[in-house]
Each structure stands twice: as structure tokens, then as C-alpha cells.
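Please find the sequence and the predicted model below.
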Amino acid sequence: MAFLDFIPNIGRSALQTVPSLGASARFLGASLVAVFNRHFSFQQLLRQIYGVGVRSLILMIVAAFFTGMVLGFQGYYALVRFGATSALGTLVALSLLRELGPVLTALLFAGRAGSALTAEISSMKATEQLSAMEMMAVNPLAWVVAPRLWAGIVAVPILCVIFDLVGILGGYLIAVPVLGVDGGTFWAQMQSNVTFSGDILTGLFKALCFGLVVTWIATWKGYTARPTAEGVGNATTLSVVTASLTILGLDFILTALLFT
Amino acid sequence: MAAEALVELENVHFARGPHAVLTGVNLRIPRGAIVSLMGASGGGKTTMLNLMAGTLSPQSGHIRIAGQDLQKMRAEEMYRLRRQMGMLFQHSALFTDLSAFENVAFPLRRHFRLPESLLRKLVLMKLEAVGLRGAADLFPAELSGGMGRRIALARAVVMDPMLIFYDEPFTGLDPISVGIIATLIRRLNAALGATSVLVSHDVQETFSIADYGYILAGGKIIAEGTPEALRNSDSALAQQFLEGQPDGPVPFHYPTQEDYAAALGDTRAAGEVI
Amino acid sequence: MERRAIDWWVGIFVLLGIAALVVLALRVGNLSGFAYNDGYILHANFTDVGSLKTRSPVKLGGVTIGEVTHIGMNPKTFMANVTMRIEPKVKLPVDTGASIYTQGLLGEQYVAIQPGGMPQDLKSGGTITMTQSAVNIDQMIGQMVFSKASGSK
């Protein structure tokens, strides 16, 4: 009954998740602390912020624009039935600030920047570059992993804020010039229902958590990849899938904690 | 072998999971010598290099460098020791996002704060020593295999180490590049007053530069000596390795589960070399 | 990419993020405080303010002339006290009335001002005395049912 082989395999991988989770937690701790290591380079951090942040801007702006416009449309057609189109501004803003901004930014980031990080690090492992660094007494966690980790923590909230703003603008452009909602009402209602600490900051906090988690998963998968061509491919795919699911699960937890 | 030993392995055992790689290895690397480590693929040669470099720890036994036991060293001491070691990896392991110049400059930048002009001179000197000063601005993707290996060599010696490890430095190179690398290994060892440990399959090239050699098989040292002594060794296994005989103590046929002779029918006798 | 170019781009990126945050905070959220900062204060007492909130608009003839800045309760009179900030250009006579209406059928509630005819104007800090509280849907339905029931006798 060879087809039942998957059962012990599931058991084996389930038993391995706990120790591997522990190992990845140690990895995260060591990498975060490595900021203070003598081999941490601020220059490398800047390069990484450029690589994962600046180069994701266009993607985020375009995605945000379309998201906001769709929100404008869908929100309008949902609210017009109750004569409550005055609430459209609030709807667009709160949806983006609390949920769509952080989550979509993180998912797109995982796909674009997370996969690139995993591919890069696993390739470095496969070509023995990480071993070479260790031989030269340079801690690879400090030189390679820490700048990428902190770059994600810095870049994702920034991308999220820009996403929120562009999305709201997209929603405005559909609501007011196209669908005829009153511009003053759009902004005024939004302003009276959106709070800085309750909505904007909590959304940003979510984005920060997501940024940390995505880069953690991406660097860990790269660092522990099998040093073969197949290993690199597997690690990259697994990185995006794991990061995406973790974002959605974490979003649920954070929403329950922050908004109730 | 009266020279003082820089590296000593004493009764070292190493296993990777259930698989025993080294089962009681004893060897000494004298100061100033070029010593070769030979053996079949997967025999544990790279593992030995890693043990000597301190990136792996043995299950039992002692590894001493300049008299100091590696297992007993603190992280800070290990760090300082590594700065005096250099390693040339099998596939160069150059940093693909840096130019050749920056690759060689990497250890200097990470460990010292040198004025840029001084650093430039040091790096260019090392590049000149391997004959690639003109390739300083090329990136690893633009270098041929031989050139990449030479840049990696320059990087391995940029801090004037006292102990240099070479992991299969001749593998995959054309004959000219092999000759260049062999010459550089000998020249650099003399110029730096260093000690070199050379892991290789290439018997002919290795013997042309090594002072002493060890042959590793089955997790143990089965033969050692100067190149001439090894050539005249009465170990059948050593002879098979050095002469490159297809069959001998290391059998031609990988052990099978079934009796293939029966499977192949009467057309061939079992064990006949095809 | 060259070192200085990267520094510039990262700097711009971070500044963009900060700017976006500031814009969000001021224009989308209500961090800027109240809009009618140079208006004058008026009070009005209601028995029921319904779902009126701070920052709800104050309208005259459908045009927004101010906003609600504070809603409190007077424990002695058991009336809800609404404080409003009105645009300085709009002067209201002392017999002005204030009612709480709903936008649409189920929308936001706001304060509707019906200007009076007296020559004197309300000064800053004055109180509108003629007020009509928010309509309570439940009460209305109850009254309707009751009057129907008694009417059909």
C-alpha cells in the first residue's frame, strides 16, 4: 500500500515543525541582534531598503490605485441602495487603512521582494558564499541576513502608508468625478470617522508586523535551503506560500486583538 | 618530519547523522609545508578541511592549531584565528554581487579600517601576484573558471594568512589554468612563509608541488609520506588510487541487491568488466 | 548602482512615506483638530440628541456653517448640552431655533438651524433656546400604533 506513504510523511513533517520553529526563532533573534555586530553594515542596509522598498514602489502604487477604484465602485453600488452614499469616503478609507492596505502591501511584498530574498540567499548558500564568509570570520547573519531583515521592517510600513494614500485617492477619483458623490461629503465624513490612533496607526502596526514576518520567512527559507538548483526553486516557492498564509493568519489575530 | 606541527589531528571521529565519515584520523601538518590530502570522492576530505578550519566539530578527538585545541577556544579566539586562515573553495565562492576588486578587498574592509589608497594598493598587489590586476573591475559572471579561481585565491591570501586551505583547486580547469594555480600555490606558500593544506584528486599535479601527502579511505589514513614514498607504498588501496586503476580494493561494481548475472542471463559472466 | 544614488533614493523613499503619513493624518483622519478654528461658540440644550456626534455638521438651509464640538449632559436639568462652533460670517438672531435632523432616512444626524427674525444677534457663548430634539423612531412607531389602535375604535 505504497500510496499510504504520505501518512507517515505528514507525521514526520508535523513532528519536525516544532523544532524547526524553534530553530527559526533563534535565527530571528540572532539576526535582529546582529545589528550590533561589528560586521553589520549600514551601507548594506541602505542597499537592501532600496532593493525591497524603492523597487516595489511602482507595483504598490499601481495596485493601490486599482484597489481604491474598485472599492469606490463596489462601495457605491452597495451603499446607493440605502441612500447612504455619503458614507463612501468612510468606507474606502477604513477598508484600506485597517485591512486592505497592510494585507495587500504585505502579500505583494512577499511575492516580489520576499521571493527575491529567498532566491538570493539560497543561491549564495548553494555557491558556498555563506561558508566563505564564515571562513573569513564574517558572521553571515550580520552581513547578509540582518540588513535584509531590517530593510523589510522599515520598508513595508512605508509602502503601506503610500498604498493607503494612493488607494484613497483612487477611490475619490471614482466616487466624485465619475459617480457623482459629493466631494465635500466624501472627505468630511471620512475625517469624522477615521481616527489617527485607532485606524491609521493600527494599520501601520499591522504592516510592521507583516514586514517582519515576511522577511523573516524569506531569509529563513533561503538560509536553510538545500544547496541544489531544485532546492533553490523549492525554497523560493515555499517562502511565498508560507509568507502569504502567515500574513492572512496573523491578520486575523491582529484584527481580533486591535479592533475589538 | 622534524618541523613543528602547525595543525594536529588526534584520533578524530566525525559522523554526519548515522553515517560515520571519519573513524580515528591522526595527522600532522608541519609548519611551512605543502601537505596534500587525497582520497576517493565523498571520503571525507572536505570534512577534514572544515574540521581544521573550525566550521565543524568532531564527535571525539582533538584538533590543535599552533598547539591550541579548537574545541576549547572561545568565540573571540576563534575569530582571531580565522583571520589568519585563508580558504580557496571548490567553486571559488566569489561574491557574485561584487567586482573582482571588491571580492579581494572584502576581508580587509570587514576586519580593518584602512585608508582607501592603502587598501587599493594591497588589493592590487594581491591581484598582480595572481596575474589578474587587469581584471579588477570585472564581475564574477564575466570571469572564466580559471580566472575566478585565481581571484578567489587572491582573496584567500589577501590578509597574509599563516594557514591556507585549498579545496580541489584544480578540478574543472583547463591544463594551462591548472599549471598556473599549482605554480601560485607553491609561490605564495614560499612568499608568505605559510602552511598549505591541499585537498585534491589530481595526483600528478599535487605531487609536483606537495612536500608530504596523506591518503584517506574508509574514514582512516591508509597511507602517508613524501610523494616518492607514496609511489612506492605497498598498500594495494594506495596503489589503486595513485595509479588510477579501475578495479582493485575499491571495486568496479557498486554492490547490488540482485544478482545481475542471473538477470542478464547467459550473455555475460558475472563481474566481467564491460 | 552607485553608492550615492542609492542613498538618495532611499532618502526620498523614507521622506515619501513620512509625507504620506502626514497627509493621511491631517486630511483623512481628524488629527488637525476642528476645522472652524476662528468661529464663535453657541450652545443648545436638547432632551434627546439621538446619534449626534462631535464633528457632526451644523447646517443652515442645507449649507454647512459649523460643526458640533462637544456634547455633554447637564445633571441638574437632565438636558443634553450641545456646543457648536459657527463660522464668523454667519450671525444668528437671538430667537434662532435648532433641530436635530437626519440626512436621508438612515444617514448621519446633524443640527439644522432655523434663523429667527429679532434684530439682536446671538453673541459668542450664547445659547439657542428654541430647540427640537432628535426624532426617536421607536417612539414614533409606538405613537402610530397607539393612535391607529385608538382611532379604529
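Great, that's in hand.

Okay, whichever residue of chain C sits closest to chain A and residue A:167: tell me how far apart.
Chain A sits closest to residue C:17 of chain C, with a gap of 3.2 Å, by CB to the nearest CB. C-beta: built from backbone N, CA, C; applies to glycine. The gap separating residue C:17 from residue A:167 is 15 Å, by CB to CB, to the nearest Å.

Low-confidence bits of the chain, can you list those?
Using chain A. Residue ranges of chain A with pLDDT under 70: A:1, A:260.

try again with chain C
Within chain C, the ranges that satisfy pLDDT under 70 run C:1-2, C:29-37, C:104-107, C:151-153.

biggest helix in it, by residue count?
helix C:3-23 (DSSP state H).

residue contacts, residue A:184?
The contact partners of residue A:184, taken as CB atoms under 8 Å, 6 or more residues apart in numbering or on different chains, are residue C:64.

Can you pull up the most central residue in the chain?
All of this refers to chain A. residue A:106 (2.2 Å; CA atoms, centre = their mean).

other chain: chain C
Central residue of chain C (CA atoms, centre = their mean): residue C:56, at 2.3 Å.

How is the residue of the stretch 151-274 of chain B at minimum distance from chain C assigned, secondary-structure-wise?
In the stretch 151-274 of chain B, the residue found nearest to chain C is residue B:155; the distance is 21.4 Å by CB to the nearest CB. Following DSSP: H, G, I helix; E, B strand; the rest coil, we place residue B:155 in the helix state.

Can you tell me how far whichever residue of the stretch 101-250 of chain A sits closest to chain C is from residue A:215?
Proximity of the stretch 101-250 of chain A to chain C (CB to the nearest CB) peaks at residue A:158, 3.2 Å away. With distances taken as CB to CB, residue A:158 is found 14 Å from residue A:215.

what ranges do the helices span in the chain?
If you meant another chain, say so; for now it's chain A. A:6-33, A:42-52, A:57-79, A:88-94, A:101-109, A:115-126, A:129-135, A:140, A:146-173, A:183-193, A:202-223, A:229-259.

You answered for a different chain; I wanted chain B.
Using DSSP H, the helices assigned to chain B run over residues B:45-53, B:75-82, B:100-111, B:116-129, B:145-157, B:175-192, B:203-209, B:227-231, B:236-243, B:260-264.

All the strands of chain C, residue numbers only.
Assigned strands in chain C, in chain order: C:40-46, C:57-60, C:63-74, C:79-86, C:97-102, C:109-114, C:126-128, C:130-132 (criterion: DSSP state E).

and the second one, what does it pack onto?
In other words, strand C:57-60. In terms of contacts (3 or more CB pairs under 8 Å, 6 or more residues apart in numbering or on different chains; DSSP states H and E), strand C:57-60 is packed against strand C:63-74, strand C:109-114.

Out of those strands, which is the most enclosed?
Mean neighbour count (mean count of other CB atoms under 10 Å in any protein chain shown) peaks for strand C:109-114 among the helices and strands packed on strand C:57-60, with a mean of 20.

Centre of the chain to it, how far?
8 Å (CA atoms, centre = their mean, to the nearest Å).

Can you list the strands that it pairs with?
strand C:57-60 (parallel), strand C:97-102 (antiparallel) (DSSP bridges).

Just name the most buried of the ones you listed.
Scoring the strands paired with strand C:109-114 by how many neighbours each averages, mean count of other CB under 10 Å, gives strand C:57-60 as the top one, at a mean of 20.

Now tell me what touches that strand from outside.
Residues contacting strand C:57-60 (CB under 8 Å, 6+ apart): A:188, C:64-68, C:84, C:86, C:90, C:108, C:110-113, C:115.

Closest to residue C:143 out of the residues you listed?
Proximity of those to residue C:143, judged by CB to CB, is greatest for residue C:112, which lies at 22.1 Å.

ok, now how distant is that closest one from residue C:42?
14 Å.

can you check residue C:101 too?
17 Å.

so which of the helices of chain A gets nearest residue B:57?
Of all the helices of chain A, helix A:129-135 comes closest under CB to CB, at 13.6 Å.

what's the distance between the closest one and the middle of its chain?
Using CA atoms, centre = their mean, the offset of helix A:129-135 from its chain centre is 29 Å.

Toward the C-terminus, what is the element adjacent to it?
Later in the chain than helix A:129-135, the nearest helix or strand by DSSP states H and E is helix A:140.

In contact with residue 27, which residues?
Answering for chain A, as no chain was given. Neighbour list for residue A:27: A:141, A:145, A:219, A:220, A:223 [criterion: CB under 8 Å, 6+ apart].

if you could check chain B rather than the one you did, that'd help
Residue B:27 neighbours (CB under 8 Å, 6+ apart): B:7, B:8, B:9, B:214, B:221, B:224.

Thanks a lot, see you next time.
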